[in-house]
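**Q** whatever this is, show me its structure:
(2 chains)
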Amino acid sequence: MEIPAIVGAGLVVIGAGIGIGRIGGSAMDAIARQPEATGKIQTAMLIAAALIEGIGFAALFAV
Amino acid sequence: MIDEGFHLFSSSKFHHGETVAESNGKFYKLYHNKVYRTDAEGSLTFDDHHHPTNIKPLDFSITKSVLMIMVTGVLMLILFTGLARSFGKGPIAKGAGRFFEPIVVYIRDEIAIPNIGEKHYKRYMSFLLTVFFFVWFLNLFGLTPLGVNVTGNIAVTFALAILTFLITQFSGNKNYWKHIFWMPGVPVPMKIILAPIELLGVFIKPFALMIRLYANIMAGHIVLMSLIGLIFVFKNWIGSSLTFVLSFAISMIELLVALLQAYIFTMLSALYFGFAVEEHDEAH
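**A** Below you'll find the predicted structure:
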């Protein structure tokens, strides 16, 4: 029930959300430019999203 | 368990922690799910924090997780030897092999070859395939009502990450170690700064693999269990049914996460192997 822990967890989730959101946005732009590269872009997007989520979860569990 | 000699006995001798189990002249008692060596009456001496100070033997009991790992291992063995045999004479697989063959080919063509390269990928294919299906099946079993949670156990993911770590270190060639300790192509002060960071990275990358898989699966299970518990908190029809729909949706997401986490683990392991066996190219 400590306030700093709760605030910290919220900040971590905000950071992860912003990061993954930006990646998703860039992926959308890239797919719009070149629809035939959709497969590769999706793969790269998923990898980057998983990496960010990994850090997010690690920080969340540490908190 | 091992305690000055090998003891093998069924845990039902413990009677859920009430009696003392006796095996080959030594007595053991179960206290808070841990096994301690005691004397014939089962007395435990406690220290200031109410922790017992008896000796704990090396405990290799077969827990539910261990049993699940063994069951999954046998399942994978049967499944994939069947797949290999179903090829028969021609290049077309029959039966269940038809489902798994595209997955295996995908792992080879999209994960192994782009990351590790044409020359060396065959050595690592067995590990990558095993890890992918192992993690995927265990994640899926964790979502069933069996109540086994193997990949949500940090010891299991620790073991998997240690395997990746050992394989990368033992297959690193000269280029790999040079890139860590003395990165070519940057000025000397930068090289001195980069060396400890790269060395730290060698340990942090498998550590992140462990944490990523553990936290994803554990968090998914916790959210799902909380939502299912929430169904019973609501006493009216509307709240319970809406919560039921929500938990169903989250279960579908968890199915996706099961596959995705297996894919990410395999992909990142292949990436690290690729770094270890990379030949020197002129792009540097």
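**Q** where does the stretch 1-150 of chain B get nearest to chain A, residue-wise?
**A** residue B:110 (7.3 Å; CB to the nearest CB). In short, each C-beta sits where N, CA and C put it, glycine included.
**Q** show the pLDDT at residue 30.
**A** I'll assume chain A. At residue A:30, the model reports a pLDDT of 90.
**Q** I was thinking of chain B, sorry if that wasn't clear
**A** Residue B:30 carries a pLDDT value of 64.
**Q** domains for chain B, by residue range?
**A** B:11-61, B:90-276 (automatic domain parsing).
**Q** among those domains, which gets the worst mean confidence?
**A** domain B:11-61 - the lowest mean pLDDT of the domains of chain B, at a mean of 62.
**Q** beyond the host helix or strand of residue B:224, next helix or strand please.
**A** Using DSSP states H and E, residue B:224 sits within helix B:188-233. Per DSSP H and E, the first helix or strand lying C-terminal to helix B:188-233 is helix B:237-276.
**Q** that older thread, that's a helix at the residue of the stretch 1-150 of chain B closest to chain A, yeah?
**A** Yes: assessed with DSSP: H, G, I helix; E, B strand; the rest coil, residue B:110 lies in a helix.
**Q** what residues are up against it?
**A** Shown in contact with residue B:110 (CB atoms under 8 Å, 6 or more residues apart in numbering or on different chains): residue A:43.
**Q** from chain A, how far off is residue B:226?
**A** 15 Å (CB to the nearest CB, to the nearest Å).
**Q** now swap in residue B:176 and tell me
**A** According to CB to the nearest CB, residue B:176 and chain A sit 21 Å apart.
**Q** isn't that residue up against residue B:275?
**A** Yes: between residue B:176 and residue B:275 a contact is recorded at 6.3 Å, counting by CB atoms under 8 Å.
**Q** which stretch of helix or strand covers residue A:6?
**A** helix A:3-33.
**Q** how about the following helix or strand past that helix: buried residues?
**A** Per DSSP H and E, the first helix or strand lying C-terminal to helix A:3-33 is helix A:38-62. For helix A:38-62, the neighbour count (16 or more other CB atoms under 10 Å in any protein chain shown) marks A:41, A:45-60 as buried.
**Q** and for stretch B:101-116?
**A** For stretch B:101-116, by 16+ other CB under 10 Å, it's B:101, B:104, B:107, B:110, B:111, B:112, B:113, B:114, B:115, B:116.
**Q** quick one on the thing from earlier: by contact count, what packs against the helix holding residue A:6?
**A** helix A:38-62 (3 or more CB pairs under 8 Å, 6 or more residues apart in numbering or on different chains; DSSP states H and E).
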